[in-house]
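> I'll drop the sequence and a predicted model, then ask my questions.
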Amino acid sequence: MPNLPPPLRVPLLVLGMVSLVLGVLAGLARLAVDLPAPVMARAGGHGALMICAFLGTVISLERAVAVARGWAYLAPLAAGVGGLVLLAGVSPLAAQIAFVAAAALLSAASLWVMRLQFAPFTATLALAALCWLAGNLVWLQSQDMTLAVPWWMAFLVLTIAGERLELTRLLPTPKAARRGFALLAGLLPLAAACGLIHPVPGRVLYALALLALAFWLLRYDIARTTVGQTGLTRFIAVCLLSGYAWLGAAGLFGLLDVLAPAPGLRDAFLHAVFLGFVFSMIFGHAPIIFPAVLKVKIPYHPAFYLPLAALHLSLLLRLAGDLGGRPESAQIGGIANGLVLLLFILTMAASVLRGRRQ
């Protein structure tokens, strides 16, 4: 089956974007924002829409382009269709099966790449895909989405860390540091599995692994060097370093949530990862990934910093509301988070139009 040409990749991306928009609205419904009844009814699917349907589609699409094999595009198709099924209100089982199929196909593509080019970063990407598959199977078997969240988080964290690990080959990373990375990467799924049987030790180990991985990335990522450059290179580095700070904060929130539980810590932990860390990475890599996937130009502009700054400020407002017991501040911060994503999309679209004129 031949590689899919760029114009035919657009519908797959659109599937993911539909889940992004409605997933954000579902998240606002969870914050008690008054929205139409059909959106309120999808509030419980917020996590699956954002992680499996949106991010699963985008990551699988990127991997399919890299693999350059037609069958690999079945993964983003399955993830996107799973999102539509979830939104349609059909039996959750159909969406769960679609997400399991998507993760299995992404795992197959990642393992195929690892077989062709065995390296620490390809092994990490394959492990990440397998974590997504494990999380989807846990959700399917238990019908409890919360049990899948640590696996889904590992999927995203390890995918990003694996892609960054590829670039650390340009730096003289000590052998002990490389072994340390492998240990931390393995700890995440181990802690997720432990949490299914022994929740408290598993959550402590998971939070410690996130915290240690954040320090590893801050110490050894090439972004520490490239932040001193200019233009797009510096912007990407700023996105990465700020994202690692959020990942470290998430590790601390996760520890506190177990050792000294307080209202709002769980939400702070989840959104420090899924919004602060993951979307900082998306903002930084979008000017590189979208041109590769869709064959469009996205020339750099200093305006790229606007959605990035707004992301951090709105998330700080949300977490201040969570931790300070001020639900109205958390709600305003959540609405601002959604507007930030819209601002980012508009910024990228404006850059695409600017690239066409050049």
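Cool, the structure landed. Residues are numbered from 1 along each chain as shown.

> what residues of stretch 345-356 count as buried?
When burial is assessed from 16 or more other CB atoms under 10 Å, stretch 345-356 yields the following buried residues: 347-348, 351-352. Every residue, glycine included, has its C-beta placed from N, CA and C.

> got it, and stretch 221-231?
Buried residues in stretch 221-231 (16+ other CB under 10 Å): 221-224, 226-227.

> name the nearest residue to Ile332, ignoring sequence neighbours.
Excluding its sequence neighbours, the residue lying closest to Ile332 (CB to CB, 6 or more residues apart in numbering) is Leu317, at 6.4 Å.

> thought the one you found was touching Ile335?
No - counting by CB atoms under 8 Å, Ile335 is not a contact partner of Leu317; they are 9.9 Å apart.

> now name the helix or strand holding Trp152.
helix 145-168 (DSSP states H and E).

> mind giving me the packing neighbours of that helix?
Contacts defined by 3 or more CB pairs under 8 Å, 6 or more residues apart in numbering; DSSP states H and E place helix 145-168 against helix 46-48, helix 120-142, helix 175-197, helix 199-220, helix 231-259, helix 278-294.

> export those helices to CSV and tack on distance to Thr57?
CSV is the format used below for those (distance: least, CB to CB, whole Å):
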stretch, distance to Thr57
helix 46-48, 12
helix 120-142, 12
helix 175-197, 22
helix 199-220, 24
helix 231-259, 21
helix 278-294, 11
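
> among those, which is nearest Val67?
helix 120-142 (11.2 Å; CB to CB).

> now do that closest one: which elements does it pack against?
helix 56-67, helix 92-116, helix 145-168, helix 175-197.

> now with 6 Å, please.
Applying 3 or more CB pairs under 6 Å, 6 or more residues apart in numbering; DSSP states H and E, we find helix 120-142 packed against helix 92-116, helix 145-168.

> the longest one to helix 120-142, inter-axis angle?
Orientation note: helix 92-116 sits at an angle of 160 degrees relative to helix 120-142 (axes from the mean of the first three to the mean of the last three CA atoms, to 10 degrees).

> what's Asp322 in contact with, if anything?
264, 267-268, 330 (CB atoms under 6 Å, 6 or more residues apart in numbering).

> nearest residue to it in space, please, no chain neighbours.
Nearest to Asp322 is Gly264, by CB to CB, 6+ apart, at 3.3 Å.

> ok, back up a step: for the buried residues of stretch 221-231, give me a markdown table that also has distance to Gly82.
Listed next are those as a markdown table, based on distance: CB to CB, whole Å:
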| residue | distance to Gly82 |
| --- | --- |
| Asp221 | 32 |
| Ile222 | 35 |
| Ala223 | 33 |
| Arg224 | 38 |
| Thr226 | 36 |
| Val227 | 38 |
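
> what about the closest residue to Gly47 other than its chain neighbours, neighbour count?
Of all residues beyond its chain neighbours, the one nearest Gly47 is Met145 (5.9 Å), with distances taken as CB to CB, 6+ apart. Residues near Met145, counting by other CB atoms under 10 Å, number 20.

> ok, Met145 to Pro2 distance?
37 Å (CB to CB, to the nearest Å).

> check Tyr73 too.
Counting by CB to CB - Tyr73 and Pro2 are separated by 10 Å.

> could you do Leu84 as well?
Where Pro2 is concerned, Leu84 sits at a distance of 26 Å (CB to CB).

> comparing these two, which residue is more hemmed in?
For Leu84 versus Pro2, the count of surrounding residues by other CB under 10 Å is larger for Leu84: 16 against 7.

> what sits up against the helix or strand the more buried one falls within?
For Leu84, the element it lies in under DSSP H and E is helix 74-88. When contacts are defined by CB under 6 Å, 6+ apart, helix 74-88 is touched by residues 12, 15-16, 19, 22, 45, 49, 53, 56-57, 60-61, 94-95, 98-99, 101-102, 105-106.

> give me the mean pLDDT for it.
For helix 74-88, mean pLDDT rounds to 95.

> in that helix, what's buried?
74-87.

> of those, closest to Leu232?
Pro76 (25.7 Å).

> if I look at the closest one, how far off is Phe99?
Taking CB to CB, one finds Pro76 at 12 Å from Phe99.

> go on, Phe274?
Counting by CB to CB, the gap from Phe274 to Phe99 is 17 Å.

> ok, Gly243 next?
If you go by CB to CB, the gap between Gly243 and Phe99 works out to 25 Å.

> can you check Lys175 too?
Counting by CB to CB, the gap from Lys175 to Phe99 is 38 Å.

> neighbour count winner among those two?
Phe99 (31 against 7).

> quick check: buried residues in stretch 260-278?
Those buried within stretch 260-278 under the rule 16+ other CB under 10 Å are 264-265, 267-278.

> ok, back up a step: filter the contacts of helix 74-88 down to the buried ones.
Buried, going by 16+ other CB under 10 Å: 12, 15-16, 19, 22, 45, 49, 53, 56-57, 60-61, 95, 98-99, 101-102, 105-106, out of those.

> what helix or strand does Val90 sit in?
Going by DSSP H and E, Val90 is not part of any helix or strand.

> neighbours of it, how many?
Neighbours around Val90, by other CB under 10 Å: 11.
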